[in-house]
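# have a look at this prediction, sequence included:
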Amino acid sequence: MLLSRQTRIMSTVGDYFILDTMKLQCEVEVISRMLPTFGMRNRGKGNRAVLSIGKHHDRGIKNSAATIHLLICTLKDKSGSKYKLKENIEQFFTKFVDEGKATIRLKEPAVDVCLNKADVNNLKNFLSALRLAHRGSEIDSIPLSNLAPAKTSEIEKPKAKMVITSRKDYPLTTNFPYSLELLQVSYCRLTRVDMRMLCLRRLRKLDLSNNHIRKLPAIIGDLACLSELVLHNNYLEIFSIGLCNSTLQKSLQFLDLSHNRLRALPLQFCQLQELIHLKLDDNELLRLPSKIGQLTKLRFLTAARNKLPYLPCDFQLLCLENVDLFGNLFDHPNPLLPTIHLQIPMTLLEVAARATIKYRLAYGPHILPAHLSQDLDLIKTCPCRRPCLDSFIQVVVNLNLHQVSHTVVLVDNMGSTEAPILCYFCSLTCYSEFLDKYHQRNR
């Protein structure tokens, strides 16, 4: 819906306004209240239409004064049907106006004009104009244009999908349709995200694959409806922390970052907790986010052909349908060669950090120095579920990926479905218990 020719509604005296011709796009159904008298029913389906308020001269009456009418134009009837407005509106039904719905009941003819799928703000303005026209007060002081048939472009359903796969088709002088829900711009050699795309508030899928984009603006996160973001085959080196802290936390379900130049993802990446499908293939990743286990809704993960030496400890918390880690530079683990960072006795910082996590005490930059908050965000967890900060034993062990995923793509050409995973132990006792179980399995 839109108000063409920019509606001017300005207060003059009391409730009176100065109006230019107003046009509202929405779905309209005109229902005759006489149908039940003849044993008939309305068809119950609206048509895309343009409603206009303006002047109408009765050509059958010489020198007749102009009257204000409501004009409803559809694709089948572009000339439209006119309805007198002055003292001709019996009632307004506006209970669902905040959902873009309203009904105008006319006296003559006895019809109900049912409006649906209208822009809420524009609909409210339009109804205000109808009320003024109905009152007819100081009507001569309201400058309105003459009614004219609507253009085809005004009546057509707003465009929801646009696919551009050639640079010559890329719009340079015109904006993207405001109503777009799916936008694909590929093979256009874009080096940055066009800011005009970020004004498309209804956008659900944005596909910018096969371009030359190096950086993503944080304001992509303002696209509150965005559930799919495809950035396959670009030059991305960084995934912004700003995106991780945006409204994408509640909307983004599909993210394709494959065939880029990413070496790492920020810790905050795991705040995108609505993610279901994540594609990271063919990057230069040296690690996955340490808290990846927080992505509790993640079901499909592909990170093939990267440079991962091992998986983070939290990886074993995932519950996947499909995982593909083929072609990474996985290390060969040796649980008998641990890296020991135990501090005996433990420092006061270690004791305080463990207690903060164990007892779920609140912390953050507003309570603690920023570097301490970051340390707590990165705290490790022992298999016994106790936390450890700087005092731990680190060891790399094999994880059978079938433990975290229903379907597993082979890790290498040798048919393996195991991948090394980094584990931490809070004490020698926990590590000893692990070794006992390890020896029992390998006897």
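The structure has been received and is ready for your questions. Residues are numbered from 1 along each chain as shown.
# going by C-alpha atoms from here, please, whenever you check contacts or count neighbours.
OK.
# ranges for the helices of the stretch 151-300 of the chain?
For the stretch 151-300 of the chain, the helices defined by DSSP state H, counting those that start in this stretch occupy 152-155, 241-244, 248-251.
# out of these, which is the most enclosed?
helix 248-251 (a mean of 20; mean count of other CA atoms under 10 Å).
# for that one, C-alpha coordinates in CSV please.
This file holds the C-alpha atoms of helix 248-251, laid out as CSV (Å, rounded to 0.1, in the frame of the first residue of the first chain):
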residue,chain,number,x,y,z
LEU,A,248,19.3,-11.6,13.5
GLN,A,249,19.5,-13.5,16.8
LYS,A,250,15.8,-14.0,16.6
SER,A,251,15.2,-14.3,12.9
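# how about CSV for the helices of the stretch 151-300 of the chain, with mean pLDDT and distance to Leu348 added?
Converted to CSV, those look like this (pLDDT from 0 to 100; distance: least, CA to CA, whole Å):
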stretch, mean pLDDT, distance to Leu348
helix 152-155, 68, 70
helix 241-244, 93, 31
helix 248-251, 96, 35
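# which one of those helices lies closest to Leu123?
Of all the helices of the stretch 151-300 of the chain, the one in closest proximity to Leu123, counting by CA to CA, is helix 152-155 (16.2 Å).
# okay, now the domains of the protein?
Using automatic domain parsing, the domain ranges for the chain come out as 10-155, 161-307, 339-441.
# report the contact partners of the residue lying closest to Leu286 once chain neighbours are set aside.
Nearest residue to Leu286, sequence neighbours excluded (CA to CA, 6 or more residues apart in numbering): Leu308, at 4.7 Å. If a contact means CA atoms under 8 Å, 6 or more residues apart in numbering, then Leu308 has 285-288, 328-330 as its contacts.
# what helix or strand is Tyr431 located in?
With elements taken from DSSP states H and E, the one containing Tyr431 is helix 428-441.
# for that helix, which residues meet the burial criterion?
By neighbour count on 16 or more other CA atoms under 10 Å, the buried set for helix 428-441 is Tyr431.
# against which helices or strands is that helix packed?
Helix 428-441 is packed against no helix or strand, with contacts defined by 3 or more CA pairs under 8 Å, 6 or more residues apart in numbering; DSSP states H and E.
# in CSV: the domains of the chain, plus distance to Val323.
Putting the domains of the chain into CSV (distance: least, CA to CA, whole Å) gives the following:
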stretch, distance to Val323
domain 10-155, 42
domain 161-307, 5
domain 339-441, 5
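# all strands of the stretch 301-443 of the chain, in order?
Counting by DSSP state E, counting those that start in this stretch, the segments of the stretch 301-443 of the chain that form strands are 320-324, 339-340, 380-381, 387-388, 393-400, 405-409, 418-425.
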